[in-house]
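>>> Fold the following and give me the result.
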Amino acid sequence: MKTALAALVLVALAAPAGAEGLMGRDVTFGTRAWEERETPIFVGRRHPARVSDAVEYGLGPEGVQNGWDVVPAIIDIRAHSIVITYPEMPAARFPVLDFNGYVLDFLTECVLFDGVAQNMDRSTEPLTDGALFTEAGRLFIDMSGVTFGSETRVVIDVDVTPCPLG
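Predicted coordinates:
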């Protein structure tokens, strides 16, 4: 009995090293808006987290910059997907810019993503073509023109490389 319990403890402690997909990874999350990437209109705070079975981010207003502020949102990162929902609020649309959305920076030196795509079977609102793009360990989600409200759900599926946890 003690041996079985010790083995369970060892397996539980070892889980993050062999984490599947995004689980156990350190990530910072924030919002950005720009017409030209080099001169953003809005740069939100960076929020650190470790991906787990809990919701990673509950965003709220952060303070107005150039007439812009953060739309409240709930971001749940799972092993192979990112789920974006919105709290109880009236429906509205994100203003259309070259980029108006979220940046997730998984703190790693390698190319983390083999692919990203919106899961339309689980989403209530479509993203525009080109709304999802990656750069090494960063995932950009452009919400320009998307309607948001308490009924909105956007699900992004991710194909993750066997990149070491960083």
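
>>> Before we move on, what's the pLDDT of Gly60?
pLDDT recorded at Gly60 is 89.

>>> Quickly find the element holding the closest residue to Trp34 other than its chain neighbours.
Excluding the flanking residues, the one nearest Trp34 by C-beta to C-beta, 6 or more residues apart in numbering is Pro40, at 4.2 Å. In this view, the C-beta of every residue, glycine as well, is placed from N, C-alpha and C. Of the helices and strands defined by DSSP states H and E, none includes Pro40.

>>> Gly30 too?
Assigned by DSSP H and E, Gly30 belongs to strand 26-34.

>>> Which positions within that strand qualify as buried?
Using 16 or more other C-beta atoms under 10 Å as the test for burial, strand 26-34 gives 27, 29-33.

>>> quick one: which of those residues is nearest Pro162?
Val27 (17.5 Å; C-beta to C-beta).

>>> residues contacting the closest residue in space to the closest one that isn't next to it in sequence?
Sequence neighbours aside, Phe106 is the residue nearest to Val27 in space, at 5.0 Å (criterion: C-beta to C-beta, 6+ apart). Listed by C-beta atoms under 8 Å, 6 or more residues apart in numbering, the contact set of Phe106 reads 22, 25-27, 112, 137-139, 166.

>>> picking that back up, can you list the residues that contact the helix or strand following the strand holding Gly30?
Of the helices and strands lying after strand 26-34 in sequence (DSSP H and E), the nearest is strand 42-43. Here strand 42-43 makes contact (C-beta under 8 Å, 6+ apart) with 30-34, 65-66, 68-69.

>>> Return the member of these nearest to Val160.
Closest approach to Val160 among those (C-beta to C-beta): Gly30, at 20.5 Å.

>>> one step back: closest to Glu56 among the contacts of strand 42-43?
Glu56 has its nearest neighbour among these in Gly30, at 12.3 Å by C-beta to C-beta.

>>> For the closest one, give me its contacts.
43-47, 102-103.

>>> any chance of those residues in a markdown table, plus distance to Ala73?
A markdown table is the format used below for the contacts of Gly30 (distance: C-beta to C-beta, whole Å):
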| residue | distance to Ala73 |
| --- | --- |
| Val43 | 16 |
| Gly44 | 11 |
| Arg45 | 14 |
| Arg46 | 15 |
| His47 | 11 |
| Tyr102 | 8 |
| Val103 | 13 |
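
>>> Helices of this protein, start to end?
For the chain, the helices defined by DSSP state H cover 2-14.
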